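K.L.:
show me the folded form of this:
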Amino acid sequence: MDTMPRVLPRAVKQPIFARNYWRRNSWITVGAILLIAILGYFTRWICDDALIFTRIVEQILAGNGPVYNLGERAEASTSTLWQWLLAFAGFVFGQSDTSTLSWMLGLLLTAAGFGFAVSATSRLHGGHVAAMVPCGILALLGVRPVWQYATSGLETGLNTFWMALCWWLLVRLRDNESAKHVVTAAFVMGLGPLVRPEQTLVAAVFLLALWLVAKPTWRVTLAAVAAAGALPVGYEIFRMGFYGILVPMPALTKNASESFWARGFAYVGDFANPYLLWLPLVLCTVLLAGVLRRHRSDRVVTLTPVVAGVLSLAYLLKVGGDYMHARMVLPIFFLLMLPVLVLPAAKKTRVLGVVLLVWAVLCASIGQFVPQDSKLIDDERGYYHAWTGQAYPTESADFTPRMRYLKDALSPRTLIYEDPHERILTARLREDVPSKSMVIGVYLGTVGVISPVDVGVVDFWGLANPIGARFEFPTVKPGHSKPLSNAWLLADYADPDAPVLSPGNFALRADVTADQVAAARHALSCGDLAEIQRSTREPMSPGRFWANLTGAVHRTGVTVPPDPFVAERKFCGNP
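P.N.:
Have a look, this model is predicted:
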């Protein structure tokens, strides 16, 4: 069987009119890049969740590894690639506080993603010989959250860039089916799980399309499979051995394996209804149907992002969406628009393009919509604009003033807690905790950047806490449904030889009893809970890595009753 790479034919010199069209259509690409960059810049911001990445980067650059707290291995971020990209940027620019770098890098990647995506779609539809109408571009730019999440400090920009690059590589495959191109494309597409875990589904669809379009030999196929799986599989082995579980900690906190269909439909509706998004989606579906009729040979390529988007939408509906307005729907919206970002300027395309232009201008000029259920879904940018008092909250210093009192209250060997009334409540820290003190914070990112790397941060909501993440609470608001009660906090971190806390002493809550603390402390010393503690806190060694690796599947499935007495019976048996 022939395994030699295919060779491209010599490029044919384009006629003058074709080159003129190419130059004209290149302005659409440049225009899309500039528009998203400008709109993103004028709505720039970061959120508290972005500061979670900043804290992890500080730990990495301090030599403590990808952890949130010294001596406790918990994977608090859901985008591995974004975490390490920020760490690399921090190393290059000599900054451990990457909050400002995060929004700049996100905007740069978003703009580059738009450029790759528009260039690929124009190429797919013969952009070198036909004028184009920016249909899908108008649909994207008419939605204000698309601008806002061009920054935010989260991985959205990286997500946009990765999807656009996958699309660009797949479209180019029609003209270059060499073994080198196939393997390169497979490597890039295989990065999906490291961009975000749910992008594994998108990566699988693109990889299948790559194989169907290229029809590579079995040797090239094996090389492509190895390239696609090298980093994701390697990192998963590292995750299992280092952290002791199969998925990032927030996946446990949000009960990502369960089904919340009703909440998922409400979340998607919260995004689609205010922007009348059904109009551009219907119009773009009509345009896509016309494209498929004209270009049957390119159906696999054209439909790949659509299939990936529909499957991602089904998954999002299943897991119940998110608490941030629009955030988790935006990658799906981007995928669905990829085949129709630009289309040849036929009569019907021009008419529908004008309709989309009117809709986009009206939609973009209305302003920010308030989420339909503000108790479950947040307008994150609006919230942090008000919370920080900054029009453009783009650095950690914008977030810390309201909680500066926490830093001022830090003292060695103390467990510090801030309640909603901004009172400082303390207990003596257990002697074997490696951090010099511990702070319990509701705003995980902000408390994290306030605290030095040798001061531990206990996440009240369980996103970075191995016990709280496993609580058997029903998920109402993703990421905010598993409060870590004070009985567990005292049991895990407070010195057991300290005086018994009571309302007359310095109780963190008046309803916390010594019996509850004792039951929680006993539960933590038994069975699966004791092993979870060892997997995250025992010094790393070859033996510990192997124990973590081999026990990761079981450990991932462990759940913890929030009631200390029930947990004690579950893990220790009847007392």
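
K.L.:
what number of residues lie near residue 104?
P.N.:
If you count neighbours by other CB atoms under 10 Å, residue 104 ends up with 17. Where you see a C-beta, it was placed from the backbone N, CA and C, and this is true even at glycine.

K.L.:
quick one: pLDDT of it?
P.N.:
Predicted confidence (pLDDT) for residue 104: 97.

K.L.:
now it: how far from residue 232?
P.N.:
Residue 104 sits 27 Å away from residue 232, going by CB to CB, to the nearest Å.

K.L.:
kindly report the same for residue 165.
P.N.:
For residue 165, the distance to residue 232 - CB to CB - is 16 Å.

K.L.:
neighbours of residue 405, how many?
P.N.:
Residues near residue 405, counting by other CB under 10 Å, number 13.

K.L.:
from what I see, residue 377 and residue 269 are in contact.
P.N.:
No. Taking contacts as CB atoms under 8 Å, residue 377 lies outside contact range of residue 269: 10.2 Å.

K.L.:
and these two? Which one has more around it.
P.N.:
Legend: neighbour count by other CB under 10 Å for residue 377 and residue 269, higher for residue 377 (24 against 14).

K.L.:
please compute how far stretch 220-230 lies from its chain's middle.
P.N.:
25 Å (CA atoms, centre = their mean, to the nearest Å).

K.L.:
offset the numbering so it begins at 15, please.
P.N.:
Taking 15 as the first residue, the last one we looked at is stretch 234-244.

K.L.:
contacts for it?
P.N.:
For stretch 234-244, the surrounding residues in contact (CB atoms under 8 Å, 6 or more residues apart in numbering) are 17, 193, 196-201, 203-204, 217, 221, 224-225, 228, 230.

K.L.:
ok, 7 Å please
P.N.:
193, 196, 197, 200, 201, 203, 204, 221, 225, 230 (CB atoms under 7 Å, 6 or more residues apart in numbering).

K.L.:
now residue 191: how far from residue 234?
P.N.:
9 Å.

K.L.:
what of residue 211?
P.N.:
Taking CB to CB as the measure, residue 211 falls 28 Å from residue 234.

K.L.:
which of those two has more neighbours?
P.N.:
Neighbour count, other CB under 10 Å: between residue 211 and residue 234, residue 234 has more, with 21 against 18.

K.L.:
now do the SS call for the more buried one.
P.N.:
For residue 234, the assignment made with DSSP: H, G, I helix; E, B strand; the rest coil gives helix.

K.L.:
mind pulling the model confidence for it?
P.N.:
If you check residue 234, the pLDDT there is 95.

K.L.:
what residues does stretch 457-474 touch?
P.N.:
Applying CB under 7 Å, 6+ apart, the contact partners of stretch 457-474 are 62-66, 68-69, 72-73, 76, 78, 82-84, 111, 410, 413-414, 417, 420-421, 424, 447, 449-456, 477-479, 482, 497-498, 503, 507.

K.L.:
ugh, typo on my part, it should be stretch 280-295
P.N.:
153, 157, 330-331, 334-336, 339-340, 343, 370, 373, 377, 383, 385-387, 391.

K.L.:
same thing but 6 Å
P.N.:
With contacts defined as CB atoms under 6 Å, 6 or more residues apart in numbering, stretch 280-295 is touched by 153, 157, 335, 340, 343, 370, 373, 377, 383, 385, 386, 391.

K.L.:
mind listing what's buried along it?
P.N.:
Of all the residues in stretch 280-295, those buried under the rule 16 or more other CB atoms under 10 Å are 280, 281, 282, 284, 285, 286, 288, 289, 291, 294.

K.L.:
dump these to CSV, plus distance to residue 546, secondary structure and pLDDT.
P.N.:
CSV is the format used below for the buried residues of stretch 280-295 (distance: CB to CB, whole Å; DSSP: H, G, I helix; E, B strand; the rest coil; pLDDT from 0 to 100):
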residue, distance to residue 546, secondary structure, pLDDT
280, 33, helix, 92
281, 31, helix, 93
282, 35, helix, 94
284, 35, helix, 91
285, 36, helix, 92
286, 40, helix, 91
288, 42, coil, 88
289, 43, coil, 89
291, 43, coil, 92
294, 47, helix, 93
